[in-house]
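Asks: just coords:
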C-alpha cells in the first residue's frame, strides 16, 4: 500500500483518486474549493456531457492536441467503461444527438454525487479548502544519472508525506471555479516544460458594428469559412449564435479549437453562407420568385420569407439597395450582389473572448515529458499528471471529459504497489 496524494477535485482528480484507491492505496484528495467538482457543475450548461458514445476512431479524431499520446489512456478506461462506471454508481445515462452522453436527470450535480459515492466507497480521504503550495522533492536512490522523486506536498501550515502525487489541477478556463494555473507552477518547479496556454472552445469577437444588432439570433443550417488572407483555415456546417460582442455556438467553438492560436493574433476573415443548400444560380431563382410575388412592394418588405426577421434590416443595409425601392425596379446587378451577400456574409474576427468564457485550455504541461502508459513524469519519480493541466484538448461533445476520466484513471491505477 502506497500513500497517494491527489491535488485537485475535478473530474480527472476524482477519477485518479478512485483508481488509486481501487488498487488498495491510501489516498488523500486535496481540493482548494469548498466542494468537489465546481467546474464540472457548470459543464454542458449544467447538464454535464459526460462522454461521447462514438467508436474509438471518432474519439481520437476529435482530439485536437497530442491524440497519439492518449492511446493507452483511452484504451485503459474507454467511453463504455466510463458509462458503466456511472451506471454502477447509480447514475442513469442517456445518449443524445451526436452521441453525446448525459445523465438521464439532466443535472450535473448527480454526476458529482455519483463520483462522491465512488470516493466514499473506495475509502478516499477528502480535504476541502486546502491549497497545495508546492511539491516536496528529494533525491532518488543513487545512480549514475541524478534523479528526483516526490515525497509529499506543502500546505499552508502542514507538510503531508506521500509515496506518489497526482497533479490534477486543471487549466486556466473558468477562473470563477478556482482555476489558478497552480499545476503549471508546480510542473515548472520540477523542471517540466510548458506549452503556452491559450483559450479554446471559446466565442469569437467580431469587428463589424452591425453584429450586436443580431444578438440572440441562432442560425441552425448555415456554413462558415474562416480565412487568413486567401488561405482557408476552417470550414464547417451547422449551428452558430450571434452575441453582443460577436459569434458563438458549436461551429464557432470548434473553430477556436481547430485554428492555430497564433493565427488569432491577426485579423481573420469569417464569411457565412446563409443558404448553403442552394448554389448562386438556384438562390437567384428563389429570389426572383420572391420578387415576383412581391413586385408591388418595397425592397425592405420583400425578403421576409428568405431570411430570419432579425437579419433582414442588416442585410438590406449591407446590400446597398435602397430599402424603399420598388422590387420591380431592382436591377439584375443589384440582385446578383444580394445573392453574393447571402452566400458570403463577410465579417472580421478581432480575437477570442477571455478565460471566463473559455470551456477548455489549449496548452499546458508538455506530454513529451510524461509517460503515456502511466501518466508519470519522466523527470520526477512518483509524480503523475492528468487532465486539463496537460497539453491535451478536444472539440465539444464529451471528448474533453473523456480525456479527464481516462488520464485520471490511468494515473491512479499506475501507482506502483
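Replies: Now that the structure is in, tell me what you want to look at. These numbers were taken from a predicted model, which means no experiment stands behind them.
Asks: hey, where'd the strands end up in the stretch 201-350 of the chain?
Replies: Using DSSP state E, counting those that start in this stretch, the strands of the stretch 201-350 of the chain run over 204-206, 218-228, 231-242, 246-248, 268-273, 345-352.
Asks: list the helices and strands the fifth one packs on?
Replies: Here strand 268-273 touches strand 218-228, strand 345-352, going by 3 or more C-beta pairs under 8 Å, 6 or more residues apart in numbering; DSSP states H and E. Where C-beta positions appear, they are placed from N, C-alpha and C, glycine not excepted.
Asks: for residue 87, what are phi and psi?
Replies: phi -60, psi -40 (degrees, to the nearest 10).
Asks: and it, what does it touch?
Replies: Going by C-beta atoms under 8 Å, 6 or more residues apart in numbering, residue 87 touches residue 93.
Asks: same check on the one 3 residues further on?
Replies: In this structure, residue 90 makes contact with 114, 117, judged by C-beta under 8 Å, 6+ apart.
Asks: same thing but 6 Å
Replies: By C-beta atoms under 6 Å, 6 or more residues apart in numbering, the contact list for residue 90 is empty.
Asks: give me the below-cutoff pLDDT ranges for the chain.
Replies: For the chain, residues meeting the criterion pLDDT under 70 lie at 141-146.
Asks: now do 50
Replies: By pLDDT under 50, the chain contains no weakly predicted segment.
Asks: returning to that earlier point: out of the strands of the stretch 201-350 of the chain, which gets nearest to residue 74?
Replies: Of all those, strand 231-242 sits nearest to residue 74, with 24.6 Å by C-beta to C-beta.
Asks: please compute how far that closest one lies from its chain's middle.
Replies: 16 Å (C-alpha atoms, centre = their mean, to the nearest Å).
Asks: and the nearest residue to residue 66 once chain neighbours are set aside, backbone torsions?
Replies: Distances taken as C-beta to C-beta, 6 or more residues apart in numbering put residue 367 closest to residue 66, at 5.0 Å, once the chain neighbours are dropped. Per-residue torsions, residue 367: phi -80, psi -10 (degrees, to the nearest 10).
Asks: how near is residue 367 to residue 194?
Replies: 11 Å (C-beta to C-beta, to the nearest Å).
Asks: which stretches of the stretch 201-350 of the chain form helices?
Replies: 250-258, 280-293, 312-319, 332-343 (DSSP state H, counting those that start in this stretch).
Asks: name the helices or strands packed onto the last one?
Replies: Right, helix 332-343. helix 280-293, helix 312-319 (3 or more C-beta pairs under 6 Å, 6 or more residues apart in numbering; DSSP states H and E).
Asks: recalculate using a threshold of 10 Å.
Replies: strand 268-273, helix 280-293, helix 312-319 (3 or more C-beta pairs under 10 Å, 6 or more residues apart in numbering; DSSP states H and E).
Asks: so residue 395 touches residue 60, yeah?
Replies: No. Between residue 395 and residue 60 there is no contact under C-beta atoms under 10 Å: 11.7 Å.
Asks: which one's more surrounded, those two?
Replies: residue 395 (20 against 15; other C-beta atoms under 10 Å).
Asks: from residue 319, how far off is that one?
Replies: 35 Å.
Asks: now do residue 123
Replies: Using C-beta to C-beta, one obtains 68 Å as the distance from residue 123 to residue 319.
Asks: these two: who's more crowded?
Replies: Using other C-beta under 10 Å, the more surrounded residue of residue 123 and residue 319 is residue 319, with 20 against 12.
Asks: sweet, I'm off.
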